[in-house]
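**Student:** This is the structure alone, sequence omitted:
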C-alpha cells in the first residue's frame, strides 16, 4: 500500500509538472492554446452530433412504430365494428382485447415519442450552442492574436527607440559648439591684443600729437590775422 501511495503521488507530481510546462508553453504560444481549445470543442461537437443523431433516429423509430400502431388500431376498430354488426361475438371479444392492447401500446408510444422529441430538441439546441461557441472562439482567436501582434510590434518599436542613444550626437554638437566658441575667442583675443600693442599705442599717441600741433598752428594763424586787422584799423 505504501508503494502504491508513493507511485500515485509521484504520478500526480509528474502530471503537475507537465501541466505547468504546457501552461507556460501556451502563454508563450497563445495560438497553440487557442487551437487546443478549439480542437477540444470540435471533438466534443462531433461526439454530441453523433449522440444527437442517435436521439433523432430513436425519435423517428418511435414515430414510425406509433404510425404503424395507429393504422393497426384503426383496422382493428373497423374489424370490431364489422364483427358486432354481424353478431360474431367470439371474434368481437378477441378484437376488443386486441384493441385495448393496441390503445395501451399507442399511449405508451405517444408518451415515449413526446420524451424523444424533447430530447432531440434539447440535443439540437446544445449542438447549435457548441457550434456557436466554436465560431466565437475562432473569432476571439483571430482578434486576440491580432492584438498580440500589434502589441509585440509596439514593444519592438519602443525597444528600438529606447536603444537609440542621442548622447553621441549631442556630444558631437557640443564639440562643434566648443570649437566655434574657441575660434571666436581667438579672433577677439587678436583684436584685443592688436588694440593694446606698443605700435598701436604709439600710432595713437602720434595721432594725438599731430592733432595738438595742428591746433597750435591754427591758433598762431588766428592771432597773426587778428594783429594785422588791428594794425590796419589804427592806420585808418
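**Tutor:** Yep, it's here. Since this is a predicted model, take the numbers as computed values, not measurements.
**Student:** Distance check, the spatially most central residue of the chain against residue 36.
**Tutor:** Nearest to the mean C-alpha position of the chain, by Cα atoms, centre = their mean, lies residue 147 at 1.7 Å. Look at residue 147 and residue 36: by Cβ to Cβ, to the nearest Å, they are 19 Å apart. Heads up, the C-betas are built off the backbone N, CA and C, glycines and all.
**Student:** ditto for residue 63
**Tutor:** For residue 63, the distance to residue 36 - Cβ to Cβ - is 41 Å.
**Student:** With residue 99 instead?
**Tutor:** From residue 99 to residue 36 the distance is 60 Å (Cβ to Cβ).
**Student:** what's around residue 231, how many residues?
**Tutor:** Neighbour count of residue 231, defined by other Cβ atoms under 10 Å: 9.
**Student:** what helix or strand is it on?
**Tutor:** Using DSSP states H and E, residue 231 maps to helix 198-235.
**Student:** Show the low-confidence segments of the chain, by residue range.
**Tutor:** Along the chain, the parts satisfying pLDDT under 70 run over 1-28, 163-172, 189-206, 209-211, 234-236.
**Student:** So in it, which helix runs the longest?
**Tutor:** In the chain, taking DSSP state H as the definition, the longest helix is helix 89-163.
**Student:** For that helix, enumerate the helices and strands it packs against.
**Tutor:** helix 30-85 (3 or more Cβ pairs under 8 Å, 6 or more residues apart in numbering; DSSP states H and E).
**Student:** that older thread, mind checking which of residue 99 and residue 36 has more residues around it?
**Tutor:** Between residue 99 and residue 36, counting by other Cβ under 10 Å, residue 99 is the more crowded of the two (16 against 12).
**Student:** any idea how far the closest residue to that one other than its chain neighbours lies from residue 35?
**Tutor:** Leaving aside its sequence neighbours, residue 99 sits nearest to residue 76 (Cβ to Cβ, 6 or more residues apart in numbering; 4.9 Å). Note on residue 76: its distance to residue 35, by Cβ to Cβ, is 61 Å.
**Student:** Comparing the two, which shows the higher neighbour count?
**Tutor:** residue 76 (20 against 14).
**Student:** separation between the more buried one and residue 94?
**Tutor:** 10 Å.
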